[in-house]
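**Student:** no FASTA, just this:
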């Protein structure tokens, strides 16, 4: 019975598992943004990088099984990578516009 419960579709189209994962990620949103803002010092870019980080974590299958400390490490690592990617995209766009 429980095995089938996690795939039941909820209002809004998400499964129970997806809703639980989204709720868990919401508890880490602020930390994720803090990491990206620290690296980028730009609100718009930090928000974009934080959104990309949370989207990547949402797709991560083992996310729910991690301890709090491992979750924080994973967020920090992915947020830093997303911040760097965001900065690279901005620099590339700037080079194209100025080149």
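**Tutor:** Right, received. Where do you want to start? Quick caveat, the model's predicted, so the values are computed rather than measured.

**Student:** Please count neighbours and contacts with C-alpha atoms only from this point.
**Tutor:** Will do.

**Student:** pLDDT below threshold where in the chain?
**Tutor:** 1-14 (pLDDT under 70).

**Student:** In it, where's the longest helix?
**Tutor:** Counting by DSSP state H, the longest helix found in the chain is helix 68-98.

**Student:** quick one: buried residues of it?
**Tutor:** Residues of helix 68-98 classed as buried by neighbour count (16 or more other Cα atoms under 10 Å): 71, 74-76, 78-84, 86-87.

**Student:** now do stretch 46-54
**Tutor:** 46, 47, 49, 50, 51, 52, 53, 54.

**Student:** Among the buried residues of helix 68-98, find me the one that's closest to residue 62.
**Tutor:** Residue 62 has its nearest neighbour among the buried residues of helix 68-98 in residue 71, at 10.2 Å by Cα to Cα.

**Student:** Burial check on the residue lying closest to that closest one once chain neighbours are set aside, number of neighbours?
**Tutor:** Spatial nearest neighbour of residue 71, chain neighbours left out: residue 63 (7.3 Å); criterion: Cα to Cα, 6 or more residues apart in numbering. Neighbourhood size, residue 63 [other Cα atoms under 10 Å]: 16.

**Student:** If you count contacts, what does the longest helix of the chain end up packed against?
**Tutor:** helix 29-40, helix 43-59 (3 or more Cα pairs under 8 Å, 6 or more residues apart in numbering; DSSP states H and E).

**Student:** To residue 18, which of these lies closest?
**Tutor:** helix 43-59 (8.1 Å).

**Student:** tell me which residues of the host helix or strand of residue 19 are tucked away?
**Tutor:** Assessed by DSSP states H and E, residue 19 sits inside helix 16-26. For helix 16-26, a neighbour-count test (16+ other Cα under 10 Å) marks 16, 17, 18, 19, 21, 22, 25 as buried.
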